[in-house]
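**Student:** need the 3D shape of this:
(one chain, ligands or ions: 1)
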Amino acid sequence: MKDNAVFESMERELNRQRQNIELIASENFVSEDILKATGSVLTNKYAEGYPAKRYYGGCQFVDEVETLAKDRLCTIFGAEHANVQPHSGAQANTAVYLALLNHGDKVLGMSLADGGHLTHGHPLNFSGINYEFHSYGVDKESEMIDYEEFKRKVFEIKPKLVVAGASAYSRTIDFEFMAQCCQEAGAIFMVDMAHIAGLVAAGLHPSPFPHADVVTTTTHKTLRGPRGGAIMCKEQYAKDIDRALFPGMQGGPLMHVIAGKAICFHEVMQDDYKEYAGQIIKNAKAMEESFIEEGFRLVAGGTDNHLLLVDVKASCGMTGKVAEKLLDEINITTNKNAIPFDTEKPFQASGIRVGTPAMTTKGFKEADFREVAKIITYCLKNADNQAVKEECIARVKVLVDKVTMYQNKTYIGD
Ligand code: DSN
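**Tutor:** Presented below is the predicted three-dimensional model:
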């Protein structure tokens, strides 16, 4: 007796993933091996604790899996210690704060309005509620991180912890400079590299190692693993961070997801991963060229990484919310996104964020992404034109019909 209601929704989601051009910058498509791991019997096992120090019997095989995941992650990034149990990036960040801060301590993070993340001190998030967060942002002209302002704030505010990293920032981040400021001011330096972890792994973005004291990441973005988080840190913080995660804030680890993480890290260590990561950036540059050719304004003038922020308000007089909906209707998935110094509320926003990691996994190259940018600009410039909409849907179909990934699979990866 199958639960058809759920299975039919899963089937529809698989079809959506096949038919749409997926441009959410934080999403990706995992390999069949990772699908298998996350749908495996490891979901049945309780393993509170850490390898060889569990609160349950029968953990010998999940211990092997978790140890492989930890060792591989340390090897990839040259980290001293890894914890692969965080259920998400937010959980990873929470554990770090719990380990290193006291309630009310001062922290400096990137403003959400300028590309930061909710867990970097938004007033409605646990981070902003429990700690005294201050923020740095981007320069009004260049729309790139204002490093002078950053340095000034590190010395003026004297935070206990500084958080670098972003969710919607298209330019290279100078971790070395930021670490140097923190070292001089006596602040702990944490990098949340969730968005760019895969680019760092491939040597295509300057690494936060060995500059940062602690580095958090998700595993499902450019790293192309299962949905989850991880923490890496200098040995001196290892015990406190492990204890903060478990028993501090999480219970049993998701061993099926940790198996998926171990497989992801194995894939990242292969030569073709570097090629993949390079293609992500080439594809983003190709989109950048096409958007600019079509007269669209890009925040910070373009991209160095896997994403672009398109100012749709300045480019075609509509909000990000309207643009996101119009693109949904032609089977292109994006998300509305605030741009620096936005005059719209976050739920309307003046921009959309587009990223290349997911469709690069599906095999798209520069010419495909140029065509995607042209379809987007054509659609948005002709918002009320039904014939244009139909033409765009047809052009999207031509692109996705070339994709073979997941074509013969079921929603459970068989
Ligand atoms: N929600 C993620 C993103 O889309 O960037 C960040 O956690």
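
**Student:** for the residue of the stretch 251-400 of the chain found nearest the ligand, name its beta-bridge partners.
**Tutor:** When scored by C-beta to the nearest ligand atom, the stretch 251-400 of the chain has Asn335 as its residue closest to the ligand, at 6.9 Å. (Glycine included, C-beta is placed from N, CA and C.) With DSSP bridges as the criterion, the beta-bridge partners of Asn335 are Arg353.

**Student:** pLDDT score assigned to it?
**Tutor:** pLDDT, the model's per-residue confidence, is 98 for Asn335.

**Student:** just checking, Asp304 touches Asp174?
**Tutor:** No: the pair formed by Asp304 and Asp174 falls short of the contact definition of C-beta atoms under 8 Å, at 11.4 Å.

**Student:** which of those two has more residues huddled nearby?
**Tutor:** It is Asp304, of Asp304 and Asp174, that has more neighbours when counted by other C-beta atoms under 10 Å, with 20 against 16.

**Student:** who's in contact with that one?
**Tutor:** By C-beta atoms under 8 Å, 6 or more residues apart in numbering, Asp304 lies in contact with Ser170, Arg171, Thr172, His205, Ile281.

**Student:** list the contacts of the last one.
**Tutor:** Contact partners of Ile281, counting by C-beta under 8 Å, 6+ apart, are Leu199, Leu204, Asp304, Asn305, His306, Thr356.

**Student:** 7 Å instead, please
**Tutor:** Ile281 makes contact with Leu204, Asn305, His306 under the criterion C-beta atoms under 7 Å, 6 or more residues apart in numbering.

**Student:** same thing with Lys365?
**Tutor:** Taking C-beta under 7 Å, 6+ apart as the criterion, Lys365 is in contact with Gln279, Asn283.

**Student:** next, give phi and psi for it.
**Tutor:** Main-chain torsions, Lys365, degrees, to the nearest 10: phi -120, psi -170.

**Student:** next one: it, what pLDDT does it get?
**Tutor:** pLDDT, the model's per-residue confidence, is 98 for Lys365.

**Student:** distance of it from Tyr276?
**Tutor:** When C-beta to C-beta, to the nearest Å is applied, the distance between Lys365 and Tyr276 equals 12 Å.

**Student:** get me the contact residues on the stretch 201-350 of the chain for the ligand.
**Tutor:** For the stretch 201-350 of the chain, the contact set with the ligand under C-beta under 6 Å from any ligand atom is empty.

**Student:** up against the ligand, what does the stretch 1-150 of the chain have?
**Tutor:** That would be Ser26, Gly89, His117, which are the residues of the stretch 1-150 of the chain within reach of the ligand (C-beta under 6 Å from any ligand atom).

**Student:** kindly indicate which of those residues lies nearest the ligand.
**Tutor:** For those, the residue nearest the ligand by C-beta to the nearest ligand atom is Ser26; the value is 3.3 Å.

**Student:** residues touching that closest one, list them.
**Tutor:** In this structure, Ser26 makes contact with His195, Lys221, judged by C-beta under 7 Å, 6+ apart.

**Student:** check which helix or strand covers it.
**Tutor:** With elements delineated by DSSP states H and E, Ser26 resides in a region that no helix or strand encompasses.

**Student:** and it, what pLDDT?
**Tutor:** Ser26 carries a pLDDT score of 98 in this model.

**Student:** not counting residues beside it along the chain, what's closest to the most centrally placed residue in the chain?
**Tutor:** Computing the C-alpha centroid of the chain and ranking residues by C-alpha atoms, centre = their mean puts His195 first, at 3.3 Å. Computed as C-beta to C-beta, 6 or more residues apart in numbering, the closest residue to His195 that is not its neighbour in sequence is Lys221, at 5.6 Å.

**Student:** does that neighbour touch Ile24 like I think?
**Tutor:** No: Lys221 sits out of contact with Ile24 when judged by C-beta atoms under 7 Å, with a separation of 9.7 Å.

**Student:** hmm, who's touching stretch 170-187?
**Tutor:** With contact meaning C-beta under 7 Å, 6+ apart, stretch 170-187 is reached by 144-145, 147, 150-151, 154-155, 158-162, 164, 189, 191, 205-206, 208, 211-212, 299-300, 302-305, 307-309.

**Student:** residues touching Trp135, list them.
**Tutor:** Just so we're on the same page, residue 135 is Ser rather than Trp. Ser135 sits next to Gly109, Met110, Ser111, Gly116, Gly121 when contact means C-beta under 7 Å, 6+ apart.

**Student:** likewise for Asp192?
**Tutor:** Gly89, Asn93, His117, Val163, Gly165, Thr216.

**Student:** which of those fall in helices?
**Tutor:** In this view, those that belong to helices under DSSP state H are Gly89, Asn93.

**Student:** tell me which two in the contacts of Asp192 are the farthest apart.
**Tutor:** Every pair in these was compared (C-beta to C-beta); the two farthest apart turn out to be Gly89 and Val163, at 12.1 Å.

**Student:** so which helix or strand takes in the residue in the stretch 151-300 of the chain that the ligand sits nearest to?
**Tutor:** For the stretch 151-300 of the chain and the ligand, the shortest gap (C-beta to the nearest ligand atom) falls at Ser167, measuring 3.7 Å. Taking DSSP H and E as the definition, one finds Ser167 inside no helix or strand.

**Student:** next one: the helix or strand encompassing His256 to chain centre, how far?
**Tutor:** Following DSSP H and E, one finds His256 within helix 255-268. Centroid displacement of helix 255-268 relative to its chain, using C-alpha atoms, centre = their mean, to the nearest Å, is 17 Å.
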